[in-house]
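**Student:** Provided below are the primary sequence and the corresponding predicted coordinates.
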Amino acid sequence: METTEATEATEAEVRPLLTVNNIEVIYDHVILVLKGVSLHVPEGGIVALLGANGAGKSTTLKAISNLLGAERGDVTKGSIEYMGKAVEKLTPSDLVQLGVIQVMEGRHCFEHLTVEENLLTGAYTRKDGGRAIRDSLDKVYHYFPRLAERKTSLAGYTSGGEQQMTALGRALMANPSMILLDEPSMGLAPQLVEEIFEIVDALNKKEGVSFLLAEQNTNVALKYAGYGYILENGRVVMDGDAKSLRENEDVKEFYLGLSSGERRSFRDVKHYRRRKRWLT
Amino acid sequence: MDTLYAFFVAPFLDIADSPVFFIEVVIGGLSAGVMYSLVALGFVLIFKASGVFNFAQGVLALFAALTLVGFMDWGIPAPIAVLMTAAVMVVLAYAIERLVLRHLVNQEQIILFMSTLGLAYFLEGLGDTLWGSNVKRLDLGIPEASFEIQGVLLNQFELVAAASAATMVAVLAVFFHRTRVGRALRAVADDHQAALSVGIPLKSIWVVVWSVAGLVALVAGIMWGTKSGVQFSLSLIALKALPVLILGGFTSVPGAIVGGLIIGVGEKVAEVYWGPVLGGAIENWFAYVLALGFLLVRPQGLFGEKIIERV
């Protein structure tokens, strides 16, 4: 019950930048992937979308950025609002111009373009002139000094961490007000994960960029996010501010890999599963 | 022994014997090569931006040439007819995106390839229906007089062809590497999904690519049409472009040019000097054998993008 109170509190405090209202997503007209997901991202917030493989995190992000169409997915129910405007019908390009950009899972750099060219493609939709784009480029290099060193190398030859930075920097070049960040920690060393999240945090605080990030690494995500949603089987099974989630016994047990003292027995697990069925 | 002598020694003696003739053969090869390059260029453009081998490229050249001749038959002066044909090619590119490509986003490459196959047959039929299927003469007033420099015979038309190829390459190189849209084209070629995610609208990009490929086809069509008449066989030059692409690399504009020149020179020289030993008609298969050899040694071609593999 305390979770719903938390939601209301956030809504009351800050106007939501992004509202996802009970969306359902179907792939190929038959495969039901999201079964009614709702969430809010407040302006200037970092919100984490947590859950295991196949829980529907990426699908949720792609439903928002409208990249689903290219994968033959469809939002069949519910609505998505950005700054109070319905955005389900917009193309990804329109959304980028509105300020919502996605950094896809697995980085997806343009391998045969140099790092700098990769960054410049991020500014494709901008119409404010070469000068402003130059400034953004400097800003990206300021946040990612490593990219400045590698700017003339082909992105395909850079390391995984550098590729993640390139992908993030590329998104930043679009001057977004909101970044949908999909699995930034994937395949990276813990130290690098920390580095990337520090930058995310800095972008959030200094540039005012809001983040909705999908992560399997619950530990790191809850350290930086203000609020979290836990997805399972295409449904939100739990949500709350990061602190309450971190302290929640079930989250500790199943997502953080911590348990209170001695090992839990299988009975507790069964208990949790049963309870969850009730919740959903 | 005689065969070996005829194969490995005699041709070189012939070359040494009359170097001027050899140079003429090479120049003949180069000029044929430029023509191959012109067609190959169109393939490279579409392959770069969508990873699809556009089987219809040869037919595009035929269609452009047919349309141009058709306009000129109406009594429209050549420069205006060329501009009108260019406009037709752009409209055609738009229609192709609208009616074919748009519905195939994120499909397997082979499906896109098959759609270009269908497109080739459709355009062939459309060209025939609109402009008739008889062989036509295309005369834009490109000079064709021959002249001599130091005893070597040159043809003005061949020089014009070479100059137009060089200009196109220069323009395309600048376009791909220095402009916003060119960069976006390369991005799309690398990763459709990522290109979409950063807000590059695939649809308009494809219209641009097919328009440019259509314009390149127009230039190729003009050159080939002037040289050998506008007829159905024009669309078959597409087949000659295939070994050119394998040699030069499917993704490289300079590669298409260099590949074309190598194939052109190679087959002419082989025909003249080794033809008699092998019984002639080498020209017909030499390019393919060369391409086959290349596939074994360097599958990405001379200038193709490296296949990036991180280890």
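**Tutor:** Good, I have the coordinates.

**Student:** how many neighbours does residue 225 have?
**Tutor:** Just going to use chain A. If you count neighbours by other Cβ atoms under 10 Å in any protein chain shown, A:Ala225 ends up with 27. The way it works is simple: take the backbone N, C-alpha and C, and place the C-beta from them, glycine included.

**Student:** oops, I was thinking of chain B
**Tutor:** Neighbourhood size, B:Gly225 [other Cβ under 10 Å]: 24.

**Student:** next one: the one 4 residues further on
**Tutor:** One way to gauge burial is a neighbour count; for B:Gly229, by other Cβ under 10 Å, it gives 16.

**Student:** would you list every one of the helices in chain A?
**Tutor:** A:2-13, A:57-65, A:92-98, A:115-121, A:129-143, A:145-149, A:160-172, A:190-202, A:218-224, A:242-247, A:249-251, A:266-279 (DSSP state H).

**Student:** for the stretch 51-200 of chain B, same thing?
**Tutor:** Along the stretch 51-200 of chain B, the segments classed as helices by DSSP state H, counting those that start in this stretch run B:57-73, B:78-99, B:109-131, B:156-178, B:180-190, B:192-197.

**Student:** Run through chain B and note the low-pLDDT ranges.
**Tutor:** B:106, B:306-311 (pLDDT under 70).

**Student:** Where does it get nearest to chain A, which residue?
**Tutor:** Closest contact between chain B and chain A, by Cβ to the nearest Cβ, is at B:Gly199 (3.0 Å).

**Student:** sorry, back to before: just say which of the helices of the stretch 51-200 of chain B is most tucked in.
**Tutor:** helix B:57-73 (a mean of 26; mean count of other Cβ atoms under 10 Å in any protein chain shown).

**Student:** Next, the angle helix B:78-99 makes with it.
**Tutor:** Orientation of helix B:57-73 against helix B:78-99 (axes from the mean of the first three to the mean of the last three Cα atoms, to 10 degrees) gives an angle of 140 degrees.

**Student:** can you tell me if stretch A:86-102 touches chain B.
**Tutor:** Yes - using Cβ under 8 Å from any Cβ of the partner chain, stretch A:86-102 reaches chain B at A:Thr91, A:Pro92, A:Ser93, A:Leu95, A:Val96, A:Gln97, A:Ile101, A:Gln102.

**Student:** Just the closest of the residues you listed to chain B, please.
**Tutor:** Nearest member of those to chain B, counting by Cβ to the nearest Cβ, is A:Val96, at 3.0 Å.

**Student:** Surely the closest one is in contact with A:Ala174?
**Tutor:** Yes - if you go by Cβ atoms under 8 Å, A:Val96 and A:Ala174 touch, sitting 5.3 Å apart.

**Student:** Relative to A:Ser136, how far out is B:Ala184?
**Tutor:** 17 Å (Cβ to Cβ, to the nearest Å).

**Student:** what about B:Leu292, neighbour count?
**Tutor:** Other residues close to B:Leu292 by other Cβ under 10 Å number 12.

**Student:** partners of the residue nearest to the spatial centre of chain A in the sheet?
**Tutor:** For chain A, A:Leu213 is the residue whose C-alpha lies nearest the centre (Cα atoms, centre = their mean; 2.0 Å). With DSSP bridges applied, A:Leu213 shows beta-bridge pairing to A:Ala48, A:Leu181.

**Student:** so what's it up against?
**Tutor:** Going by Cβ atoms under 8 Å, 6 or more residues apart in numbering or on different chains, A:Leu213 touches A:Ile46, A:Val47, A:Ala48, A:Leu49, A:Leu180, A:Leu181, A:Asp182, A:Pro184, A:Val200, A:Ala221, A:Ala225.

**Student:** For the stretch 51-200 of chain A, which residues are neighbours of chain B?
**Tutor:** Checking the stretch 51-200 of chain A against chain B by Cβ under 8 Å from any Cβ, the hits are A:65, A:67, A:69-72, A:91-93, A:95-97, A:101-104, A:108-113, A:117-118, A:120-122, A:124-125, A:154, A:156-157, A:167, A:170-171, A:174.

**Student:** Just the buried ones from those?
**Tutor:** Among those, the ones that count as buried by 16 or more other Cβ atoms under 10 Å in any protein chain shown are A:65, A:67, A:70, A:91-93, A:95-97, A:101-104, A:108-113, A:117-118, A:120-122, A:124-125, A:154, A:156-157, A:167, A:170-171, A:174.

**Student:** Smallest distance to chain B belongs to which residue of the stretch 151-280 of chain A?
**Tutor:** A:Gly156 (3.7 Å).

**Student:** What score does that residue have for pLDDT?
**Tutor:** In this model, A:Gly156 is scored at 91, pLDDT.

**Student:** OK, contacts around the closest residue to it other than its chain neighbours?
**Tutor:** Leaving out its chain neighbours, the residue that sits closest to A:Gly156 by Cβ to Cβ, 6 or more residues apart in numbering or on different chains is A:Glu111, at 3.1 Å. A:Glu111 is in contact with A:Leu154, A:Ala155, A:Gly156, B:Asp190, B:Asp191, B:Ile308, counting by Cβ under 8 Å, 6+ apart.

**Student:** State the number of residues packed around the residue nearest to A:Gly169 when sequence neighbours are not counted.
**Tutor:** In this structure, A:Gly169 finds its nearest non-sequential neighbour in A:Val140, 4.2 Å apart by Cβ to Cβ, 6+ apart. A:Val140 has 23 neighbours, counted by other Cβ under 10 Å.

**Student:** now do A:Tyr229
**Tutor:** Neighbours around A:Tyr229, by other Cβ under 10 Å: 28.
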